[in-house]
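1. A predicted structure for the sequence below; I have some questions about it.
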Amino acid sequence: MIELRNVWRLYRMGDETINALAGIDLEISQGEFISIVGPSGSGKSTLLNIIGGLDSPTTGTVVVDGQNLSKASDRELSLYRNKKVGFVFQTFNLQPTYTALENVALPLVFAKVPLRKRNEIARDTLETVELAERLGHTPGQLSGGERQRVAIARALVNDPRILLADEPTGNLDSRTSELIVELLQRLSKERGITMLLVTHEMMIAEHANRVIHMLDGQIARSTERK
Amino acid sequence: MTIRDLLRNAFSNLRRRKLRSFLTIFAVVIGAALVSLLVSLGVGAQEFLTAQIRATMPPDVLMVGSNPNAFQIGFGAMGFGGSPEEITDDEGSPYSLAPLTPQEIESVRALEHVERVDPYIMVSADSVRLQNSEKRFRTQLTALPDYLITSKELVAGRYLNDDSQGECIIANQYLESFNFDRAEDALGQEVVIQVGQITSFIGLPTKTKDYTFEIVGVAEKTLSSTQIMISIEDGKEIARFWANEPELYTDEVPPAILQVKVEDSQYADQVAEAVEDLDLGALTSADVLGLVGDIFTIIQAVLSVFGLIALGVASLGIINTLIMAIYERTREIGVMKAVGASQGTVRRLFTTEGAAIGFLGGVIGVAIGYGLGFIINQVSHSTFLADFETFNISVFPWWLIVGVIALSTLIALLAALYPAHRASRLDPIEALRYE
Ligand SMILES: Nc1ncnc2c1ncn2[C@@H]1O[C@H](COP(=O)(O)OP(=O)(O)OP(=O)(O)O)[C@@H](O)[C@H]1O
Ligand SMILES: [Mg+2]
């Protein structure tokens, strides 16, 4: 479903060239739950951003569902992000002036879903993350765990095929982290969503059925679990 | 993103920073108020002048002169712009007119759609006084065919017809000069009009003659405050004395200018062309109104420059506001891109926000301009324009209201293009990391 062939992502800093990704080959099938671990600066976020269509490889090809992202235009990529993927970030990245409901509905705004319809869908999605009674709250009025659940609802609202979570528990305490990861795991299982989860904590990585270890922009090791 | 959502987003962003939005919009308001008020004053003056021209020259009447240049109007004829025109003998000069020939008059009369043809009577009187009074007043004596007289409004009395003799209609302002409390009091009174021969203009000794007229009507108030209207026949008689030419307006000395009434105003241009084909000059009221329109277009353009400068300055404020907004909302823009906003969508978000500022500023500005115009009209009607109740100095036609709102919206939208471009080019990853 996701296929990366010899993907490089270079950053030029003056005379120096940084290889954020250095020749990644990766295949992921539909419905897999994958954890990506590795030291800081090893290229985990870069890999996720490229799969999510937020960034493009310097060389190499990225094909998702038959669509070649490395050759896609801005319009095609934005459509891809809107329909196919959901992002969950460490820093939540909710719109501060929007209510929980409006935040969750945001992807539907760009999908041109009319107001009433998208509020309905957003309300249902907030229910699946058990936040139905918080939909009028702004992010400032929510706890960290609640904010991340709103962000997860936003990532799910367009019924994506892929969920990309970049250290989603990085700003949460361990008990809340556990709940969030269980939620992600349940959702991916129920809906058959392909999950990519970047994390530092082995405890969390354990939930996945494949753990990818990254080092210096390369995949150092890949461990399958049952 | 739908237009509805673009607008929703724009207005909710304006509400977020109320003071800043207010100040930015306020600058547009000043520009829009200035443009609309200044142009409305120009429109008011133009409407007034147009109404005055219509009153003396209805659309179904044209003037015919004995040479094609008789009515050359416009900047060229006034002598500015361009080198002096050569005058060829057969064309004559625009400043002197030879009499028409009886044949020419007959061929004008024979033209299709021509209803009637009258000489344009030129007379001049020295003064007017009431029969039993010594107080003399200035006057502008006008001899008109009855259809032009009946096109004026009367406040008392009746109209003249073409056979009227020794009857006149006086301008409203004479009521005050002659000390009549009510217009009806003037009816039946007699006035004495003293006419001096034309040679008096160049200081030669002249004869004068008194003509007595009965007042049968009092006109509504117009700008022609000294006008006394008499019938064409009376006018001819006075003109013959005034010009010292007993044969004037006969086949011996035909008139130089004719007043031609056509069957309907729709034929005015057609008849004018036919007249020009006869190698004569023609002037329609559309010609005159066209010239007035041209002049006022220039005046309005010059007036609106001040407002346009204000709008230009306001657009700098809009650029500034939107660029500040990009810094404030960098992360939000990143989020929007991450969940599916394309570069085009982000661009539209910002241009819509700019246009919303321009639209609000335009609406409020026009409302304020309209309000100021209303106050000016009220004040002027109770002071120096008390006699002209139907004349408004400030007039807001629909095109001015729509035009100024559209203009402010457009200028604001143009100002938003650069910030919108910058916002659309933000790298989503960096935007999401932005603190
Ligand atoms: N915009 C950039 N300009 C220059 N170098 C960059 C840029 N973005 C990332 N890098 C470099 O690319 C490498 C990979 O970065 P990346 O963010 O993918 O690491 P990461 O594995 O996610 O690290 P962390 O665990 O700290 O989030 C790093 O060395 C980083 O410094
Ligand atoms: Mg990272």
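-> Alright, I've got the coordinates. Ligands and ions are numbered 1, 2, ... in the order given.
2. Beyond the longest helix along chain A, next helix or strand please.
-> Secondary structure of chain A per DSSP state H: the longest helix is helix A:174-191. The C-terminal neighbour of helix A:174-191 among helices and strands, as given by DSSP states H and E, is strand A:194-198.
3. What is that next one packed up against?
-> In terms of contacts (3 or more Cβ pairs under 8 Å, 6 or more residues apart in numbering or on different chains; DSSP states H and E), strand A:194-198 is packed against strand A:33-37, helix A:44-51, strand A:162-166, helix A:174-191. To be clear about C-beta, it is placed using only N, CA and C from the backbone, and glycine gets the same treatment.
4. least reliable of those going by mean pLDDT?
-> When the helices and strands packed on strand A:194-198 are ranked by mean pLDDT, helix A:174-191 comes last with a mean of 87.
5. returning to that earlier point: any buried residues in the longest helix of chain A, and which?
-> Neighbour counts over helix A:174-191 (16 or more other Cβ atoms under 10 Å in any protein chain shown) mark A:176-177, A:179-181, A:183-185, A:187-188 as buried.
6. Distance to ligand 1 for the residues you listed - can I get that in CSV?
-> Listed next are the buried residues of helix A:174-191 as CSV, based on distance: Cβ to the nearest ligand atom, whole Å:
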residue, distance to ligand 1
A:176, 20
A:177, 16
A:179, 22
A:180, 18
A:181, 17
A:183, 22
A:184, 18
A:185, 21
A:187, 23
A:188, 21
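7. will you turn these into a markdown table that also has distance to residue B:14?
-> Compiled in a markdown table, those are given as follows (distance: Cβ to Cβ, whole Å):
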| residue | distance to residue B:14 |
| --- | --- |
| A:176 | 37 |
| A:177 | 39 |
| A:179 | 39 |
| A:180 | 36 |
| A:181 | 41 |
| A:183 | 37 |
| A:184 | 38 |
| A:185 | 43 |
| A:187 | 37 |
| A:188 | 41 |
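8. Just send those back as a markdown table, with distance to chain B too.
-> Below are those laid out as a markdown table (distance: Cβ to the nearest Cβ, whole Å):
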| residue | distance to chain B |
| --- | --- |
| A:176 | 22 |
| A:177 | 21 |
| A:179 | 24 |
| A:180 | 19 |
| A:181 | 21 |
| A:183 | 19 |
| A:184 | 18 |
| A:185 | 23 |
| A:187 | 17 |
| A:188 | 19 |
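9. wait, which of those residues is closest to residue A:32?
-> In terms of Cβ to Cβ, no member of the buried residues of helix A:174-191 lies closer to residue A:32 than residue A:188, at 8.6 Å.
10. Can you tell me, leaving aside adjacent residues, what's nearest to that closest one?
-> Closest residue in space to residue A:188, ignoring its immediate chain neighbours: residue A:195 at 4.3 Å, by Cβ to Cβ, 6 or more residues apart in numbering or on different chains.
11. Over to residue A:194?
-> That would be residue A:162: by Cβ to Cβ, 6+ apart, it lies 4.8 Å from residue A:194.
12. Enumerate the residues of chain A near chain B.
-> With Cβ under 8 Å from any Cβ of the partner chain as the criterion, chain A meets chain B at residues A:49, A:52, A:54-55, A:74-75, A:78-79, A:81-83, A:87, A:89, A:93-97, A:106-107, A:109-112, A:114-115, A:154, A:158.
13. thought the residue nearest to residue A:188 was touching residue A:163?
-> Yes: using Cβ atoms under 8 Å as the test, residue A:195 is close enough to residue A:163 to be in contact (5.1 Å).
14. where do the contact lists of those two overlap?
-> Here residue A:195 and residue A:163 share the contacting residues A:184, A:188, scored by Cβ atoms under 8 Å, 6 or more residues apart in numbering or on different chains.
15. Lowest-scoring secondary structure element of chain A by mean pLDDT?
-> Within chain A, confidence by mean pLDDT, DSSP states H and E is lowest for helix A:202-205 among all helices and strands, at a mean of 83.
16. Name the residues that touch it?
-> Helix A:202-205 is touched from outside by A:35, A:37, A:169, A:174, A:177-178, A:181, A:197, A:199, A:211, with contacts defined as Cβ under 8 Å, 6+ apart.
17. now do 6 Å
-> For helix A:202-205, the surrounding residues in contact (Cβ atoms under 6 Å, 6 or more residues apart in numbering or on different chains) are A:35, A:37, A:181, A:199, A:211.
18. got the angle between the helix or strand just after that helix and strand A:194-198?
-> With elements assigned by DSSP H and E, the helix or strand that comes after helix A:202-205 is strand A:210-215. If you take axes from the mean of the first three to the mean of the last three Cα atoms, to 10 degrees, strand A:210-215 sits at 40 degrees to strand A:194-198.
19. Next SSE downstream of strand A:210-215?
-> Counting by DSSP H and E, what follows strand A:210-215 is strand A:218-224.
20. follow-up on the earlier one: can you name the residues bridging to the residue nearest to residue A:188?
-> Assessed by DSSP bridges, residue A:195 has beta-bridge partners residue A:33, residue A:163.
21. In terms of pLDDT, where does it sit?
-> Looking at residue A:195, its pLDDT is 94.
22. what about the residue nearest to residue A:194, distance to residue B:132?
-> According to Cβ to Cβ, to the nearest Å, residue A:162 stands 108 Å off from residue B:132.
23. who's more crowded, these two?
-> Taking other Cβ atoms under 10 Å in any protein chain shown, residue A:162 and residue B:132 do not tie; residue A:162 has more neighbours (24 against 8).
24. Would you check that that one makes contact with residue A:196?
-> No: counting by Cβ atoms under 6 Å, residue A:162 stays clear of residue A:196, with 7.2 Å between them.
25. Under a three-state scheme, what state does residue B:194 occupy?
-> Here residue B:194 is recorded as strand under DSSP: H, G, I helix; E, B strand; the rest coil.
26. you'd agree it is up against residue B:126?
-> Yes: Residue B:194 is within contact range of residue B:126, at 4.7 Å (criterion: Cβ under 6 Å).
27. shaky segments in the stretch 251-400 of chain B?
-> B:387-389 (pLDDT under 70).
28. Do a quick rundown of the helices in it.
-> Ranges of helices in the stretch 251-400 of chain B, per DSSP state H, counting those that start in this stretch, are B:268-277, B:285-328, B:330-338, B:343-382, B:398-424.
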